[in-house]
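J.: Requesting a structural model of the entry that follows:
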Amino acid sequence: MIPDADTVLALEPEELAGVLLSVTRGKMSKKSKSRGRTTHGKIGRPPERRGRPAKGRITKLATGMGHGFIQAGDREVFFHRADLIEIKFNDLVVGGAVSFEVIEDPVSGPQAIHVRGPAGAHD
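T.: Coordinates of the predicted model:
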């Protein structure tokens, strides 16, 4: 039971802490029931991102940070090691050909996803 405002104002600090803790615990238990659920209410993976197919060559690798850049035509596209498919980050070399999909992020610019190694790329 949550006390009314007059009762709360009359409480000592120690008593008030107990009331606030019980109210907080009640909210947390309701909130924790929704963890792991998507917006449509089912537990599962988010929808797979799809982008525009492209090919290019790796121009920069930041091995300590796990990301790099690919030159695709006249622009440079960011990629992260988590977006690699069928190739390991440590096997990549500057100048190596890759194929990928480009998504446009309105904040950070173009990003490469589903990056594949030389087997599916041009020479």
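J.: In stretch 73-82, which residues are buried?
T.: For stretch 73-82, burial by neighbour count (16 or more other CB atoms under 10 Å) applies to 77-79, 81. From N, CA and C alone the C-beta is placed, and that goes for glycine too.
J.: Generate a markdown table for those, with pLDDT as supplementary columns.
T.: Output for the buried residues of stretch 73-82, formatted as a markdown table (pLDDT from 0 to 100):
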| residue | pLDDT |
| --- | --- |
| 77 | 96 |
| 78 | 96 |
| 79 | 96 |
| 81 | 95 |
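J.: Among these, which are located in strands?
T.: If you go by DSSP state E, the buried residues of stretch 73-82 have 77-79 in strands.
J.: out of those residues, who's nearest residue 63?
T.: Distances from residue 63 to these, taken as CB to CB, are shortest for residue 79 (13.2 Å).
J.: So for the closest residue to residue 96 other than its chain neighbours, what pLDDT did the model give?
T.: Among residues not flanking residue 96 along the chain, residue 58 sits closest, at 5.0 Å (CB to CB, 6 or more residues apart in numbering). Residue 58 is assigned 96 on the pLDDT scale.
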